[in-house]
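**Student:** The following comprises the amino acid sequence and a computationally predicted model.
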Amino acid sequence: MCVGVRRPANPFQLQGQAVLFVSSYRYLGVVFHSSGRWREHAEHLCCRGQRRFYQFLAWYENRQLHTGFRESLLTSYVLPSVLFGSEFLDSASTSLVDQRVRQCGRRLLQWPAGAPGAAVLGELGWWLVSFQMRERAFGLFARLSRSSATRGRQQLRARVFQHARLTARSWACCAEVTIASCGIPLPSAWGVGQGTPAQLVHTWRRQAANPLLHTIASAAYQAELANSESLLGYASYRPELRMNRVVHSAAVRVEDARE
């Protein structure tokens with residue numbers, strides 16, 4: 001299938017057969033749209049996360065579980081489904097997902113609908129959704145950077161990625177600019193390149209990207225608290241955010257979870 005704005009005069013051919021032309025297409029849980037916007041994909045993520053949240057809600061309310069256990073269960077079951085495929089979202093779509101996640105947090109804490117979102121994040125210790133998405137996007141960028149242009153199935157992926165890095169407004173180009181704007185050294189500065197071991201990617205994420213990103217996320221959280229007079233003293237009780245990096249008590253990080 002081809003996703004595009006207009007139907008071409010001469011249809012695309014693949015092995016002598018015309019390729020179906022569509023305005024949107026879902027592939028591996030990601031909704032690609034001809035407009036180039038990600039609103040439809042964001043709605044898909046929110047609906048999927050909401051469905052899992054209410055499944056989870058019915059399960060734990062029947063068992064009257066402690067809030068701390070419920071929070072850990074939510075971050076390992078519901079949140080990965082919301083974040084899967086979120087690496088590509090723009091700022092407007094990210095705001096939509098962030099709003100839905102905070103609504104889930106209020107329901108989890110049994111707080112009223114008007115409760116400040118910053119207090120919800122602080123009480124549960126969650127990062128802002130935008131920074132969780134950045135963490136995933138930076139990891140994807142690093143993994144694509146090591147794709148080899150001479151190894152079997154990686155050839156096409158590597159060539160498309162290297163071309164996209166040089167194309168303005170492409171996801172790869174924007175991700176590279178965002179990494180640099182956060183003050184994080186690019187994966188190439190840590191030796192990540194075509195055909196390099198995956199361990200270098202993990203080292204870069206663990207030692208270079210994640211610590212700086214965590215610092216920026218904490219600063220953004222403090223700034224959000226400072227914007228509300230009613231929360232000025234809240235930071236003294238919840239000064240830092242934390243994030244459960246383990247899924248189902250196994251050695252699998254949330255950012256590596258799959259749908």
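**Tutor:** Received, thanks.
**Student:** going forward, measure contacts and count neighbours with C-alpha atoms only.
**Tutor:** Noted.
**Student:** Tell me where the model's unsure across the chain.
**Tutor:** Counting by pLDDT under 70, the chain shows low-confidence ranges at 1-38, 65-68, 70, 234-259.
**Student:** at 90 what do you get?
**Tutor:** Residue ranges of the chain with pLDDT under 90: 1-134, 136, 140, 144, 146-174, 193-198, 214-215, 217-259.
**Student:** Tell me which stretches of it form strands.
**Tutor:** 2-3, 13-14, 17-18, 21-22, 24-27, 30-33 (DSSP state E).
**Student:** Leaving out the residues flanking it, which one is nearest to P187?
**Tutor:** A142 (5.9 Å; CA to CA, 6 or more residues apart in numbering).
**Student:** Tell me how many other residues surround that neighbour.
**Tutor:** Residues lying near A142 (other CA atoms under 10 Å) number 23.
**Student:** what's the distance between it and T94?
**Tutor:** Noted for A142: a distance of 21 Å to T94, by CA to CA, to the nearest Å.
**Student:** my guess is A149 contacts F161, does it?
**Tutor:** No. Between A149 and F161 no contact is recorded; they are 10.1 Å apart, counting by CA atoms under 8 Å.
**Student:** Who has more neighbours out of those two?
**Tutor:** F161 (20 against 17).
**Student:** Just list the residues touching that one, thanks.
**Tutor:** L144, S145, A172 (CA atoms under 8 Å, 6 or more residues apart in numbering).
**Student:** Neighbour-wise, which one of those leads?
**Tutor:** If you rank the contacts of F161 by neighbour count (other CA under 10 Å), A172 sits at the top with 25 neighbours.
**Student:** give me every residue that touches L140.
**Tutor:** Contacts of L140 (CA under 8 Å, 6+ apart): E87.
**Student:** circling back to that earlier point, with respect to A42, which of the contacts of F161 is nearest?
**Tutor:** Looking at the contacts of F161 and their distance to A42, the nearest is A172, at 19.2 Å (CA to CA).
**Student:** Disregarding flanking residues, what is the spatial nearest neighbour of that closest one?
**Tutor:** R165 (5.0 Å).
**Student:** If you tally nearby residues, what's the number for the one you found?
**Tutor:** R165, neighbours per other CA under 10 Å, totals 18.
**Student:** What is the longest helix of this structure by residue count?
**Tutor:** Using DSSP state H to define each element, the chain has its longest helix at helix 39-63.
**Student:** counting contacts, what elements does that helix pack onto?
**Tutor:** Contacts defined by 3 or more CA pairs under 8 Å, 6 or more residues apart in numbering; DSSP states H and E place helix 39-63 against strand 30-33, helix 67-77, helix 79-83, helix 91-109.
**Student:** winner for burial among the ones you listed?
**Tutor:** helix 79-83 (a mean of 23; mean count of other CA atoms under 10 Å).
**Student:** shouldn't A198 be in contact with S145?
**Tutor:** No. Using CA under 8 Å as the test, A198 is too far from S145 to be in contact (10.4 Å).
**Student:** dump the residue contacts of P112.
**Tutor:** With CA under 8 Å, 6+ apart, P112 has these contacts: R106.
**Student:** Can you give me the distance of it to Q103?
**Tutor:** Taken as CA to CA, the span from P112 to Q103 is 10 Å.
**Student:** S148 too?
**Tutor:** Noted for S148: a distance of 42 Å to Q103, by CA to CA.
**Student:** This structure - how does it break down into domains?
**Tutor:** 2-33, 37-126+252-259, 128-242 (automatic domain parsing).
**Student:** Centre of the chain to the last one, how far?
**Tutor:** Its chain's C-alpha centre and that of domain 128-242 lie 10 Å apart, by CA atoms, centre = their mean, to the nearest Å.
**Student:** For the nearest residue to W171 once chain neighbours are set aside, grab the count of nearby residues.
**Tutor:** Nearest non-adjacent residue to W171, counting by CA to CA, 6+ apart: F88, 6.9 Å away. Counted with other CA under 10 Å, residues neighbouring F88 total 21.
**Student:** doesn't A137 make contact with F88?
**Tutor:** Yes. Contact status for F88 versus A137: in contact at 7.4 Å, counting by CA under 8 Å.
**Student:** Many thanks, we can stop here.
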